[in-house]
Structures are given as C-alpha cells and as structure tokens.
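Asks: Need coordinates for the below:
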Amino acid sequence: MAKIDDSVKKKVPELRFKGFTDDWEERKLGEFSDVRDGTHASPKYVSQGHPMVTSKNLTHSGLDMTDVSFLTDEDFNEINKRSKVSIGDILFGMIGTIGNPVIVDRDDFAIKNVALIKEKTSNPITNKWLLQYLKSPSFNRFIQKENAGGTQKFIALGLIRDMKLRVPEFDEQQKIGSFFKQLDNTIALHQRKLDLLKEQKKGFLQKMFPKNGSRVPELRFEGFSDDWEDRKLKDVTERVRSNDGRMDLPTLTMSASSGWLDQKDRFSGDISGKEKKNYTLLKKGELSYNHGNSKLAKYGVVFSLTNYEEALVPRVYHSFKALENTSADFIEYMFSTKLPDRELGKLVSSGARMDGLLNINYDDFMNIHISIPNYEEQILMSAFFRKLDETIALHQRKLDLLKEQKKGFLQKMFV
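Replies: Next up is the predicted model:
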C-alpha cells in the first residue's frame with residue numbers, strides 16, 4: 001500500500017494499494033445500486049413462520065436472528081414483491097438504530113424499516129466494497145449530518161439514494177473488498193475463540209462449585225474428596241474500612257462486566273471530589289462488594305484487587321479481606337457463580353435505592369452462608385480460574401487491537 005499526498009486527499013484516499021492512481025469518481029448511491037426499503041405495513045405476526053428483520057437485528061457482528069417476529073407465507077410473499085432479500089444484498093437500519101450494515105448470506109426473511117441495497121449489473125460496483133464504505137467514517141459523518149437535532153433517529157430512502165460518495169474503479173474495489181473481508185474473517189475468528197473461552201469458564205464455574213444443597217462439586221481436582229464446609233462469610237473474612245490520609249493513590253470504581261477500573265478511565269476524570277477523604281484504602285488481595293443492581297449482576301458483585309498494590313475505593317462498597325487459610329481469589333470466584341444470590345436476595349427488603357444500591361448492610365452481608373473447601377483446594381481452584389481469566393484477557397486484547405486496526409484502515413482507505 002502507498003500513502004497519498006495531502007493535496008489530493010479529497011479525490012483519493014490517504015492509503016491505497018500500489019498500482020492505483022486514478023481519482024475516485026463522485027457518484028450518487030442510487031446511480032449504481034438498487035436502493036429500496038422494507039415494508040411499512042403491519043402484517044399479522046404468528047408463532048412460527050418467516051422471520052421479520054428490523055434494525056434491531058442488524059449488529060456490528062452481523063445479522064442477529066435471536067429476537068425476531070414471524071410472518072405467514074401470505075404476508076412474506078406480499079412483502080417480497082416490494083423488497084425481496086437475496087444473498088449478497090446489503091441491509092442497514094433506517095429507523096432507531098441507523099447503520100450497522102450487514103451483507104446477507106440467507107434469503108428466508110423479510111425486512112421492515114430497513115434499507116436494502118442490491119447490485120446493478122449495469123454498473124460494476126461491488127457490494128463487498130460498498131459494505132466497508134458504509135462502515136467508514138465518511139458514511140458516519142453523512143448519518144450524523146442528516147440526523148442533526150432530531151429526536152427520532154430516522155433517515156429517508158430518498159436521502160440514501162441521493163447520498164454522494166467517491167467510488168474507485170472496479171479492480172480497486174475488489175482489492176479493498178477482499179482486504180476487509182479477510183480482516184473481518186480474522187476478527188470473527190478471534191471473537192469466536194473469545195466467546196468459547198467465556199463459555200468454558202461459565203461451565204467450569206457451574207461444575208467446580210457445589211450447587212445449593214450439595215456438599216461437593218460435580219468437578220474437582222484429583223486428590224480432594226472431603227465435603228465442603230458451610231460457613232458464614234464473617235467467619236473467614238474481616239472488615240476493611242479506613243484510609244491513612246494519602247489522597248494521591250489511584251481512585252477506583254467497580255464495573256460488573258470489567259471489575260476494577262480507574263475513575264479517570266471510566267468517567268474521563270476523578271469523580272470522588274470532597275468525598276475522597278472518606279474513601280477506603282484497599283490493598284492488593286483485599287475485596288469489595290459493590291451492592292449495586294445491574295443487568296449483569298442483580299445482587300451486586302465482589303472483586304479482589306489484583307492490578308494495583310494500593311488504591312482508594314468508595315466507602316459505600318463493603319470492603320473486606322480474607323483471613324488466614326482463606327483465598328481472596330476463591331471468594332471472588334465463588335461470588336461470580338451467583339450461588340450467593342439466593343441469600344442476598346432474601347436481604348433486599350425494599351429493592352434498590354435512588355442511587356441504585358441495594359439495601360444490604362455490611363453486617364447482613366457478612367452473615368450470609370457460603371460453602372468452602374480446604375485451603376489447598378481453594379488455592380488450586382483460584383490459580384486455575386486466574387489462568388483462564390488471563391487467557392480471556394489476552395484474546396480480548398488481540399480482538400480489540402484488530403478492531404482498532406480495522407478502524408484505522410477504514411479511516412484511511414475511503415474518501
């Protein structure tokens with residue numbers, strides 16, 4: 001690939017394949033593509049039949065058919081008279097979620113309020129190239145301009161047809177389309193690996209901790225056969241609640257999906273304010289319970305501090321540390337199984353407060369019952385799950401890097 005001089009950036013991209021020097025030609029989308037939209041009617045929905053795809057089914061990862069309504073044969077055939085979807089067509093959302101273009105690999109569904117783009121044989125424009133253009137910053141700027149100030153996100157079919165874009169010659173389109181197709185395949189492969197690892201971890205968490213009422217797990221390390229003990233959390237931990245006056249330590253917050261995060265990264269700044277002097281000093285290996293309600297964690301989450309030697313955390317969290325012969329990592333993973341949720345749910349007397357926190361005080365939290373093995377088994381289990389988490393984090397970083405690389409190429413390879 002070769003970089004292009006700034007003076008000609010308006011007619012050609014900053015980065016392009018060697019051997020291509022011609023200016024990209026400005027055209028309207030409707031000149032070289034057959035642009036339609038889905039039905040505006042209200043068909044009769046049934047429990048089984050042909051799927052009806054709307055903008056919510058178009059995602060960055062492709063077509064998601066997990067939540068669709070279904071049509072009768074009659075309605076499906078009627079809609080197809082206007083907007084028949086064929087393999088190789090492009091779809092993107094027109095109402096609500098604008099964009100998220102996908103190239104379809106099946107033709108057994110109908111569409112509603114979704115733009116449908118078909119290739120015209122008379123104009124050699126490949127949808128593989130056009131798909132990537134519709135993911136580029138150029139198209140995003142067009143969407144933002146057309147939706148500026150609007151409360152309901154909507155883009156009219158006429159605006160889509162009249163959208164002006166610069167188009168390269170067919171051979172260059174093919175090169176660009178193939179390049180991004182390969183990159184997309186690599187990203188999809190890494191995403192599948194990551195999803196598989198997360199599913200494996202979920203399975204191990206289910207099998208390596210005893211289910212409610214059982215004294216032993218379904219799966220455990222060789223050499224361990226004793227029953228797990230029923231203990232109260234306060235029997236194996238003690239409270240952490242003060243600080244030593246140092247205000248220059250990292251100030252953290254807790255996310256159900258990501259664990260501990262620096263407030264500067266999560267909120268683009270330290271939001272502790274005057275309350276910082278009341279924050280709790282947490283040391284590496286100590287834990288906190290964020291009793292906030294969220295979609296991922298109905299009864300809150302527990303995380304051990306692993307990435308910092310010391311940090312300040314909100315006092316509203318219930319912070320504590322493991323006593324001798326108890327692994328803090330084991331306690332974290334035990335809470336991640338959601339097994340304690342049964343008891344935590346009994347403690348919630350009046351739902352979440354206005355600040356989103358559940359009404360679970362420290363003493364009640366410490367009185368919940370947990371099932372725990374001997375220390376050696378705790379250590380082995382903790383090491384196993386930490387290693388699995390490190391592998392998941394490594395794959396996540398690789399995936400994030402690939403996505404950033406693609407973002408950069410989209411920025412530089414389209415006008």
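
Asks: count of residues packed around the closest residue to Tyr133 other than its chain neighbours?
Replies: Using C-beta to C-beta, 6 or more residues apart in numbering and skipping residues adjacent in sequence, the residue nearest Tyr133 is Phe414, 5.6 Å away. Placement of C-beta: from N, CA and C, glycine included. A count of neighbours around Phe414, defined by other C-beta atoms under 10 Å, yields 24.

Asks: and Phe414, what does it touch?
Replies: Shown in contact with Phe414 (C-beta atoms under 8 Å, 6 or more residues apart in numbering): Pro13, Gln132, Tyr133, Ser136, Pro137, Ser138.

Asks: Ok, Ile79 next?
Replies: Counting by C-beta under 8 Å, 6+ apart, Ile79 touches Gly38, Thr39, Ala41, Pro43, Leu71, Ala110, Ile111, Lys112.

Asks: surely Gln200 meets Asp389?
Replies: No: using C-beta atoms under 8 Å, Gln200 is not in contact with Asp389; the gap is 11.6 Å.

Asks: okay, these two: which has more neighbours?
Replies: Remark: of Gln200 and Asp389, Asp389 carries more neighbours, 16 against 13, as counted by other C-beta under 10 Å.

Asks: Name the helix or strand for that one, please.
Replies: helix 375-412 (DSSP states H and E).

Asks: Equivalent analysis for Lys198, please.
Replies: Going by DSSP H and E, Lys198 is in helix 170-207.

Asks: Next, the angle helix 375-412 makes with that helix.
Replies: What separates the directions of helix 170-207 and helix 375-412 is an angle of 160 degrees, with axes from the mean of the first three to the mean of the last three C-alpha atoms, to 10 degrees.

Asks: Distance from the chain centre to helix 170-207, please.
Replies: Chain-centre distance of helix 170-207: 14 Å, with C-alpha atoms, centre = their mean, to the nearest Å.

Asks: Same question for stretch 405-415.
Replies: The answer for stretch 405-415 is 22 Å, by C-alpha atoms, centre = their mean.

Asks: For it, buried residues please.
Replies: Buried positions in stretch 405-415, judged by neighbour count with 16 or more other C-beta atoms under 10 Å: Lys406, Phe409, Leu410, Lys412, Met413, Phe414, Val415.

Asks: mind checking how far the second one is from Glu25?
Replies: When you say that, I think you mean Phe409. 21 Å (C-beta to C-beta, to the nearest Å).

Asks: ok, now the fourth one?
Replies: Computed with C-beta to C-beta, the distance linking Lys412 and Glu25 is 19 Å.

Asks: okay, the contacts of Ile79 in TSV with pLDDT next?
Replies: Formatted as TSV, the contacts of Ile79 follow (pLDDT from 0 to 100):
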residue	pLDDT
Gly38	80
Thr39	74
Ala41	71
Pro43	83
Leu71	94
Ala110	93
Ile111	93
Lys112	89
